[in-house]
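Enquirer: Pasting the sequence and the predicted coordinates here, then a few questions.
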Amino acid sequence: MQRTTLQLGRLWKIGERLGGGGFGDVFAATCEGAEAALKLVRKLPGAQRELLFVDLGATRNVVPVIDQGETDDAWVIVMPRAEKSLRDVLDQTGAALSTGLAVAVLTDIAQALGDLSGRAVHRDLKPENVLLLGGHWCLADFGISRFAQATTAPDTRKFAKTPAYAAPEQWRDERATSATDVYAFGVIAYELLAGCRPFAGPDVHDLREQHLHEAPTPLRNVPVTLAALVEECLYKQAEARPSATDLARRLTGVLVPAAAPGLAKLQAAHHKQVGDRADADRRASQEVSSTERRARLYDAARQNFTGISGTVRDALEEAAPSAASTPAVGSRNGQWTLRLGTASLEVTAPSATSAELWGLPGHPSFDVVAYVSIRLAIPANRYGYEGRSHALWYCDAIEEGRFGWYELAFMHHPLMARSSSVAPFALRPGPESAGALSPGMDVMQLAWPFTRLTGEDLSDFISRWAGWLSDASAGGWSQPGTMPEVPVPQVWRR
């Protein structure tokens with residue numbers, strides 16, 4: 001028989017059942033005129049973990065616990081009565097939300113995830129657990145949450161998940177991190193903007209296959225920067241997703257229109273390289289073999305480079321409509337050639353590298369997963385000069401585990417009696433390029449610093465190559481007078 005009152009810190013009058021969540025049932029409750037939601041958490045193994053999250057300090061946009069206690073068979077949590085859940089809104093709307101409303105909802109969720117990052121992982125983020133309270137969308141139901149650094153125990157519901165919102169690492173029964181919540185955030189964002197989930201199932205087996213191996217249909221009719229952010233959140237590799245602390249910042253600019261047509265093109269640069277990885281524990285990938293992990297990183301590299309390459313090509317074609325463009329057979333992977341006058345700019349498709357790529361003792365300590373070259377070629381001038389090329393490496397050169405696309409180039413050491421018809425030039429990661437990155441003197445030297453290709457610096461990348469293409473097409477283009485042309489700080493991990 002249901003109780004009519006319950007004495008905790010305050011005396012609560014219990015009303016109608018509102019629903020269920022996690023381990024328990026939720027009832028309407030009142031105390032001295034204040035309306036609340038009272039949750040009875042049945043005393044089952046692991047259920048008490050919800051009580052670990054009754055006080056999350058200054059975390060924004062989390063439904064607070066205003067009273068707590070226990071009965072003989074249940075723990076009790078009392079929270080303010082929310083106006084509605086995000087699921088209620090989606091059910092009532094039956095379609096995608098307006099972009100502005102969706103961004104407002106997502107910003108509230110992002111602020112909560114940012115504040116929780118490094119402290120707690122929700123692990124069951126979904127519209128049912130996002131409630132409108134005091135004008136803000138707040139996270140609720142921490143029934144299967146865990147502290148970010150806690151050791152997983154048998155009673156923590158490690159394998160519990162809501163299939164439609166579960167990240168790939170949850171399907172592999174790996175340790176959940178902040179990146180797991182970022183993935184669920186991406187599923188919610190997709191659902192708000194498209195009016196449907198990115199993966200439709202219908203059954204659990206289908207959902208597992210889709211979350212692990214399939215790509216969602218691209219979002220349409222939303223700002224490209226917003227669509228890119230959602231896509232990054234849904235990357236299969238946890239380390240490739242944006243950090244929880246970066247979501248709110250990136251959302252602030254997605255509704256700002258470009259000031260000029262050229263900048264509108266550059267907004268597509270927000271489909272930036274996988275490199276803004278979540279602040280995740282590296283142990284989340286320990287159960288995955290090196291080959292499987294490398295394959296997923298390579299897939300993320302290819303997916304991201306296609307967007308980067310397309311943005312560069314579109315910007316150059318818009319600036320020079322007379323340029324002859326030649327999509328390669330593999331152009332869907334970002335490969336293309338652009339010709340203007342006698343000059344040609346060629347971008348290759350990403351190619352995978354070997355796990356044993358350096359082949360030297362004392363080699364750099366970072367890993368390179370994929371390689372691309374970009375080359376600007378001219379007919380050989382009277383000195384035999386034929387242009388320049390730069391390498392693009394998908395690597396974690398600066399911070400361990402933080403992968404992204406980096407631009408760099410090489411040159412022969414000025415004290416060595418060697419020359420090249422292409423200067424500076426691209427090199428694949430391997431023994432030759434490792435020498436240039438080693439502490440001592442080598443035949444090779446870095447001629448262009450590691451420059452990360454992000455939404456913030458892609459405009460500079462485009463501007464430089466557009467200027468070089470313009471100069472090369474006019475004839476009389478020659479080798480740089482001095483190299484390196486810019487300072488090359490030694491920022492890479494040795």
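Expert: Arrived safely, thanks for sending.

Enquirer: contacting residues around the helix or strand hosting T451?
Expert: Element membership for T451 (DSSP states H and E) is strand 444-452. The contact list for strand 444-452, computed with C-beta atoms under 8 Å, 6 or more residues apart in numbering, reads 273, 275, 390, 397-398, 404-414, 423-424, 427, 432-433, 435-437, 457, 461, 483-489, 491-492. No exception for glycine: its C-beta is placed from N, CA and C like everyone else's.

Enquirer: Any of these buried? List them.
Expert: The neighbour-count criterion (16 or more other C-beta atoms under 10 Å) marks 273, 275, 390, 397, 404-412, 423-424, 427, 433, 435-437, 461, 483-484, 488, 492 among the contacts of strand 444-452 as buried.

Enquirer: In three-state terms, label L338 for me.
Expert: strand (DSSP: H, G, I helix; E, B strand; the rest coil).

Enquirer: so who does it touch?
Expert: R313, L316, E317, A323, A324, S325, T326, S344, L345, E346, L469 are the contacts of L338 under C-beta under 8 Å, 6+ apart.

Enquirer: Against R388, how distant is the residue lying closest to the last one once chain neighbours are set aside?
Expert: So the one you mean is L469. Excluding its sequence neighbours, the residue lying closest to L469 (C-beta to C-beta, 6 or more residues apart in numbering) is L345, at 5.4 Å. Distance, L345 to R388, using C-beta to C-beta, to the nearest Å: 10 Å.

Enquirer: ok, back up a step: and the residue nearest to L469, its phi and psi?
Expert: Phi and psi for L345, reported as degrees, to the nearest 10, are phi -110, psi 120.

Enquirer: So L357 sits against E432, correct?
Expert: No. The criterion here is C-beta atoms under 8 Å, and L357 misses it with E432 at 11.2 Å.

Enquirer: shared neighbours, L345 and R388?
Expert: With C-beta under 8 Å, 6+ apart, L345 and R388 have common neighbours R375, L376.

Enquirer: lowest-pLDDT helix or strand in the chain?
Expert: Lowest on mean pLDDT, DSSP states H and E among the helices and strands of the chain sits strand 146-147, with a mean of 40.

Enquirer: Show me what whichever helix or strand comes after it is packed up against.
Expert: Using DSSP H and E, the helix or strand that follows strand 146-147 in sequence is helix 168-171. On a contact count with 3 or more C-beta pairs under 8 Å, 6 or more residues apart in numbering; DSSP states H and E, helix 168-171 meets helix 178-194, helix 204-213.

Enquirer: Give me the mean pLDDT for the shortest one.
Expert: Computed over helix 204-213, the mean pLDDT rounds to 88.

Enquirer: Can you give me the buried ones in that helix?
Expert: Quick answer for helix 204-213 (16+ other C-beta under 10 Å): L207, R208, Q210, H211, L212.

Enquirer: Convert the next helix or strand after that helix to CSV, retaining C-alpha atoms only.
Expert: Using DSSP H and E, the helix or strand that directly follows helix 204-213 along the chain is helix 224-233. This file holds the C-alpha atoms of helix 224-233, laid out as CSV (Å, rounded to 0.1, in the frame of the first residue of the first chain):
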residue,chain,number,x,y,z
VAL,A,224,27.2,23.9,-41.2
THR,A,225,29.0,24.7,-38.0
LEU,A,226,26.2,23.2,-36.0
ALA,A,227,25.9,20.1,-38.3
ALA,A,228,29.7,19.6,-38.0
LEU,A,229,29.6,19.8,-34.2
VAL,A,230,26.9,17.1,-34.0
GLU,A,231,28.8,14.9,-36.4
GLU,A,232,31.9,15.2,-34.3
CYS,A,233,30.0,14.2,-31.2
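
Enquirer: Let me know the next secondary structure element after helix 224-233.
Expert: helix 247-251.

Enquirer: contacting residues around that next one?
Expert: 103, 106-107, 110-111, 113-114, 182, 185, 225-226, 229, 233, 242, 270.

Enquirer: ok, back up a step: now the buried residues of helix 204-213 in CSV, with distance to A34?
Expert: Shown next, in CSV, are these (distance: C-beta to C-beta, whole Å):
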residue, distance to A34
L207, 40
R208, 44
Q210, 44
H211, 41
L212, 46
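
Enquirer: if we take those residues, which one ends up nearest to N221?
Expert: Set against N221, the nearest of these by C-beta to C-beta is Q210 (22.9 Å).

Enquirer: And that closest one, how close does it get to G334?
Expert: 25 Å.

Enquirer: for S421, same thing?
Expert: Distance from S421 to G334, by C-beta to C-beta: 26 Å.

Enquirer: which of these two has more neighbours?
Expert: Using other C-beta atoms under 10 Å as the criterion, S421 and G334 rank with G334 on top: 24 against 14.

Enquirer: Which ones among the buried ones among the contacts of strand 444-452 map onto helices?
Expert: Residues of the buried ones among the contacts of strand 444-452 located in helices (DSSP state H): S433, G435, A436, F461.
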